[in-house]
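# Build me a model from this:
(one chain, ligands or ions: 2)
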Amino acid sequence: MEQMNSRSNKKKVAVVGGGLVGALNACFFAKRGFDVEVFETREDIRQAKIVKGRSINLALSHRGRQALKHVGMEEKIVSQGIPMQARMIHSQDGKQSPIPYGKKGQYILSVDRANLNKQLLTAAETYPNTKLNFDYKLQDWSAETGQMTFVRSDGLEEQIKADLIVGCDGAFSAIRKQFLRRSRFNYSQTYIPHGYMELTMPPINGEFAMKPNYLHIWPRNTFMMIALPNLDKTFTCTLFMPFEEFEKITTGNEVIEFFQKYFSDAIPLIGVDTLKRDYFRLPAQAMVSVKCTPYHIGDKCVLMGDAAHAVVPFYGQGMNAGFEDCIVFEEVMEQFNEDFSAVLPEYTRVRVPDDHAVADLAMYNYVEMRAHVNSRWFLFRKRVDNLLHFLMPRTIIPLYTMVTFTRTRYHECVERWQWQNKVINYGLLVSATGLVLGGSYLLIKNPPDINKLIIPAEKMWNRLMALRTP
Ligand SMILES: Cc1cc2nc3c(=O)[nH]c(=O)nc-3n(C[C@H](O)[C@H](O)[C@H](O)COP(=O)(O)OP(=O)(O)OC[C@H]3O[C@@H](n4cnc5c(N)ncnc54)[C@H](O)[C@@H]3O)c2cc1C
Ligand SMILES: Cc1cnn(-c2ccc(OCc3ccccc3)c(C(=O)O)c2)c1-c1ccc(Cl)c(F)c1
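Residues are numbered from 1 along each chain as shown. Ligands and ions are numbered 1, 2, ... in the order given. Model prediction:
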């Protein structure tokens, strides 16, 4: 049965995918008065019990909040999130070191993924010109006619047409498949060797097991773990580790041995039995990075969110970038007066460099943290970042601050970070040179009495020898 757009003179927009970005996008288009229909393959999660295999909570930061603000959802979502004002770095010896993110107002929020998705779906549904369709799986679609074929769980097919198709169907997008059949569509995907597993840290005596207003990080080079707080006073711990390491651990005792070696302080907080049980609840999940361009086909279809740019989660920006996609598209719609034939190519031109930059940043972070970052290095880097920013607040802005607490375009964050690194390296070179020249000048001007030097050195040597155990 073909459904034509006959309900209003406004064009019909079909949002494929009712996840985080699709649900938010529906609000953006509905707010503009379009005739919006959302098609989601899953059942309505507001009636379902648990959404298996998805990260349970997420870090929401400035970019995502600005998008929520545009549709009047920021306050509601922020009120249901838990602020994380600093990182809490867990060293291997169990020491915990807080490092603030910046000024008082600079914090990220731990938000529940399922709750956020439900709230956004309900917000979309409040618009009279929006309809949500669940159990609609996109099978195929035509770029020429804008006709989509959906299959239902009873096997029935349904053809539906729209003036604009917005692909928000995630990293393994069915909408994107049509793009892959076309020439001059550039696409790359990378699965990283690490997987992730989520473990729950229960409350202790009804209270959070750790300080709640922190992003807890256990950086162990190859292995990393983070913990974000939940409103029910649990923490969701995410363990990142190469799949081959996950596969080596096959018994409960091996889980405990592994945690004893790398995350010993977490064992009493998660609990031995909980740890042994949760570790085998679900297998480790894969992480993929997807980059593609262009994001549009003609004036018919545009990709947003993970369908356009799935990123590895080592910067906490995937959802924030997808939410920012919605703002950028909105800005271009305003600029080109909703003329899709102009809006879509301009959206690709403007947004691709930034989404590729955040994908590269996330991958860079993954490589950097896996290779170099243990707790000592993490602390050192962040303290240096914060000190330089304190000394030269307008010249040196930590990369993480630009990405997380501003709407500076992602690609400009990278450019500025590269420029700042040059300034810092140049400054270090000049100071090192000054030290060497100054030191040499002083040595030449007032040469030391070598005899005095020799005696202390001799005395030091004798002391060292005396320390030697027989
Ligand atoms: C471990 C992990 C931790 C993360 N942490 C963070 C974080 O801290 N902060 C952050 O900003 N981001 C984070 N992310 C990234 C974030 O989860 C994603 O960027 C975000 O979910 C993307 O939203 P989306 O709507 O584009 O895609 P999805 O959330 O994947 O939604 C896609 C929707 O489309 C539906 N769908 C799929 N195929 C079809 C079809 N054929 N027909 C109809 N519907 C379909 C799906 O059912 C789903 O509902 C994390 C990701 C992972 C894996
Ligand atoms: C979910 C979420 C939200 N933000 N971040 C995040 C990411 C990177 C960071 O620093 C990079 C760096 C630290 C030290 C040296 C170089 C780079 C910081 C920080 O500065 O606190 C915070 C994460 C996150 C996600 C996964 C892992 Cl594994 C992780 F550790 C944290």
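
# Does residue 119 lie in a helix or a strand, and which?
helix 113-125 (DSSP states H and E).

# elements contacting that helix?
helix 20-31, strand 35-40, strand 57-60, helix 74-79, strand 130-134 (3 or more CB pairs under 8 Å, 6 or more residues apart in numbering; DSSP states H and E). Where you see a C-beta, it was placed from the backbone N, CA and C, and this is true even at glycine.

# most packed of those?
Each of the helices and strands packed on helix 113-125 was scored by mean neighbour count; the highest is helix 20-31, a mean of 27, by mean count of other CB atoms under 10 Å.

# what's the neighbour count on residue 186?
10 (other CB atoms under 10 Å).

# Could you check how far it is from residue 410?
18 Å (CB to CB, to the nearest Å).

# rewinding a little: what's the helix holding residue 119 in contact with?
18-20, 23-24, 26-27, 30, 36, 38, 44-46, 50-51, 54-58, 60, 71-73, 76-77, 80, 130, 132 (CB atoms under 8 Å, 6 or more residues apart in numbering).

# 6 Å instead?
Helix 113-125 is touched from outside by 20, 23, 24, 26, 27, 46, 51, 58, 73, 130, 132, with contacts defined as CB atoms under 6 Å, 6 or more residues apart in numbering.

# Of the helices and strands packed on helix 113-125, which is nearest ligand 2?
strand 57-60 (3.8 Å; CB to the nearest ligand atom).

# which strands and helices sit next to the lengthiest helix in the chain?
For the chain, the helix with the greatest residue count under DSSP state H is helix 410-445. Applying 3 or more CB pairs under 6 Å, 6 or more residues apart in numbering; DSSP states H and E, we find helix 410-445 packed against helix 340-371, helix 399-405.

# State the helix or strand in which the residue of the chain most remote from its centre lies.
Most distant residue from the mean C-alpha position of the chain: residue 451, 61.7 Å away (CA atoms, centre = their mean). In the assignment (DSSP H and E), residue 451 maps to helix 450-467.

# If you average the pLDDT over that helix, what comes out?
Helix 450-467 comes out with an average pLDDT of 71.

# what does stretch 335-352 give?
pLDDT averaged over stretch 335-352 gives 98.

# C-alpha coordinates for it, CSV please?
Output in CSV follows, covering the C-alpha atoms of stretch 335-352 (Å, rounded to 0.1, in the frame of the first residue of the first chain):
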residue,chain,number,x,y,z
GLN,A,335,20.3,29.4,5.7
PHE,A,336,18.8,27.8,2.6
ASN,A,337,15.1,28.3,3.5
GLU,A,338,14.5,24.5,3.6
ASP,A,339,15.4,24.0,-0.1
PHE,A,340,16.6,20.4,0.2
SER,A,341,18.4,20.6,-3.2
ALA,A,342,20.7,23.3,-1.6
VAL,A,343,20.5,22.1,2.0
LEU,A,344,21.7,18.6,1.5
PRO,A,345,24.9,19.3,-0.4
GLU,A,346,25.8,22.2,1.9
TYR,A,347,25.2,19.9,4.9
THR,A,348,27.7,17.4,3.5
ARG,A,349,30.2,20.2,2.7
VAL,A,350,30.0,21.7,6.2
ARG,A,351,29.6,18.6,8.4
VAL,A,352,31.9,15.9,6.8
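
# so who does the closest residue to ligand 1 within the stretch 51-200 of the chain touch?
Closest residue of the stretch 51-200 of the chain to ligand 1, CB to the nearest ligand atom: residue 170 (2.9 Å). Going by CB under 6 Å, 6+ apart, residue 170 touches 19, 306, 307.

# Please identify which of those residues is nearest to ligand 1.
Using CB to the nearest ligand atom, these come closest to ligand 1 at residue 19, 2.1 Å.

# ok, which residues in the chain are in contact with ligand 1?
16-22, 39-42, 55, 58-59, 137-138, 168-170, 174, 196, 238, 305-307, 313, 316-320, 322 (CB under 6 Å from any ligand atom).

# Now restrict these to buried residues only.
For the residues of the chain next to ligand 1, a burial check counting by 16 or more other CB atoms under 10 Å picks out 16-22, 39-41, 58-59, 137-138, 168-170, 174, 196, 238, 305-307, 313, 316-320, 322.

# Narrow those residues to those in strands?
Of these, the ones assigned to strands by DSSP state E are 16, 39, 40, 58, 59, 137, 138, 196, 238.

# Surely the fifth one and residue 316 touch.
What that stands for is residue 59. Yes: judged on CB atoms under 6 Å, residue 59 makes contact with residue 316 at a distance of 3.8 Å.

# next one: phi and psi at the residue of the stretch 51-200 of the chain closest to ligand 1?
Main-chain dihedrals, residue 170, degrees, to the nearest 10: phi 80, psi -180.

# and the spatially closest residue to it that is not a sequence neighbour, what pLDDT?
Distances taken as CB to CB, 6 or more residues apart in numbering place residue 306 nearest to residue 170, at 4.7 Å, with adjacent residues excluded. As predicted, residue 306 sits at a pLDDT of 98.

# Distance check, residue 306 against residue 422.
33 Å.

# now residue 42
48 Å.

# quick one, phi psi at the residue nearest the centre of the chain?
The centre of the chain sits closest to residue 316, judged by CA atoms, centre = their mean, with a distance of 2.2 Å. Phi and psi for residue 316, reported as degrees, to the nearest 10, are phi 60, psi 40.

# Can you pull the residues of the stretch 251-400 of the chain lying near ligand 2?
Residues of the stretch 251-400 of the chain lying near ligand 2 (CB under 6 Å from any ligand atom): 313, 314, 315, 316, 365, 368, 369, 373, 378, 381, 382, 400.

# wait, what's in contact with the fourth one?
The neighbours of residue 316, taking CB under 6 Å, 6+ apart as the test, are residue 59.

# swap in the fifth one?
By CB under 6 Å, 6+ apart, residue 365 lies in contact with 314, 315.

# pLDDT of the host helix or strand of residue 277, averaged?
In the assignment (DSSP H and E), residue 277 maps to helix 272-279. On average, the pLDDT along helix 272-279 is 95.

# how about that helix: buried residues?
275, 276, 278, 279.

# Among those, which pair sits farthest apart?
276 and 278 (7.8 Å; CB to CB).

# So which residues make contact with stretch 183-197?
179, 238-240, 242-243, 246, 284-293, 312.
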